[in-house]
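> need a structure here:
(4 chains)
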There are 2 protein chains.
Amino acid sequence: MDKQLSYCCPPVLHGALGKRDAEELAATLKALADPVRLQLLSFIAAQPDGEACVCHVTGPVGLSQPTVSHHLKLLHQAGLLQREKRGAWVYYRVIAERLEAVRSALATRAPRAKSARRA
Amino acid sequence: MDKQLSYCCPPVLHGALGKRDAEELAATLKALADPVRLQLLSFIAAQPDGEACVCHVTGPVGLSQPTVSHHLKLLHQAGLLQREKRGAWVYYRVIAERLEAVRSALATRAPRAKSARRA
DNA sequence: CCGAGACATCGAAAGCTGTCAATATCCTTC
DNA sequence: GAAGGATATTGACAGCTTTCGATGTCTCGG
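This next block holds a predicted model:
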């Protein structure tokens, strides 16, 4: 399940995707494709320190602690959240490179002969 | 369900996402989060003309015609595929702007400077 | 060592999803 | 207009997801 952090799959629109690649990208997208998990991601990323512990996010999403824990686990397994235990608390942090990898995989073929605006 | 083509939601990582926005982005991501649908998208986009009819894609994905039709419908409803009927055939084409909108929504604290094309 | 708090796991219920065969609908051709 | 082919819809079924309450595990403070 854990491949390279900054790699996900070949871009979707640069040629027919193989079954294996499609499954892998779909797995990551599936982790993202839930409103609660999107809220969790954005909430964590919006914190001043870019991190949050479970007790901190349970309130905002309005779900039970086991349910939030479950969603965080899925995001962690998808490589989108970093998990760090500090004492009795567990802090989660968004792994930006992973999200960037997903974005790259969804990149549209260069629309025109424009300048690539990559840095 | 059908909002503007080139808009999807506020970016995930630019602040805590509202419930409504999260649900909307999740709905689009859910359409993408399936290996068969990713293959369909990439296959269609990889065609010389950038389009394909149903009979053309049924073989490559190896599923029954109704199943493929079902997936294409979901992608169409999510605004990711354009549907055009020509005679007895139906041609699908990837809506690149929509995919770009999803990418923007997943942007990591990216440089804004994009024009909001909303009225 | 004990109690309390934070988080994870388990087990179960309700709902959603992907798939197919059968069937309906629409278009072309004869 | 009848036949045949291309898509869409329907109905059904298996499997997965989301959610919760109950419970387990770990850590800190005393």
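
> Residues of chain A that sit close to DNA strand C?
Within chain A, the positions near DNA strand C by CB under 7 Å from any atom of the strand are A:53-55, A:65-66, A:69-70, A:72-73, A:83, A:88-90. C-beta coordinates here come from the backbone N, C-alpha and C atoms, glycine included.

> and the two most separated of those?
Farthest-apart pair in the residues of chain A next to DNA strand C is A:H70 and A:A88; separation 19.7 Å (CB to CB).

> Of these two, which one has the most company?
A:H70 (14 against 7; other CB atoms under 10 Å in any protein chain shown).

> the strands in chain A, which residues?
For chain A, applying DSSP state E gives strands covering A:51-53, A:81-86, A:89-94.

> Close to chain B: what parts of chain A are there?
For chain A, the residues in contact with chain B (CB under 8 Å from any CB of the partner chain) are A:12-17, A:19, A:22-23, A:25-26, A:29-30, A:32-39, A:41-43, A:45-46, A:60, A:94, A:96, A:99-100, A:102-103, A:106-109, A:111.

> Find the centremost residue of chain A, please.
In chain A, the centroid-proximal residue (CA atoms, centre = their mean) is A:L80; its distance is 3.4 Å.

> I'd like the distance between the residue nearest to it when sequence neighbours are not counted and DNA strand D.
Leaving aside its chain neighbours, A:L80 sits nearest to A:R98 (5.3 Å; criterion: CB to CB, 6 or more residues apart in numbering or on different chains). Distance check for A:R98 against DNA strand D: by CB to the nearest atom of the strand, to the nearest Å, it reads 18 Å.

> A:R98: neighbouring residues, count only.
With other CB under 10 Å as criterion, A:R98 counts 23.

> tell me the angle the worst-scoring helix or strand of chain A on mean pLDDT makes with strand A:89-94.
Of all helical and strand segments in chain A, the minimum by mean pLDDT, DSSP states H and E falls on helix A:54-61, at a mean of 89. For helix A:54-61 against strand A:89-94, the angle by axes from the mean of the first three to the mean of the last three CA atoms, to 10 degrees is 60 degrees.
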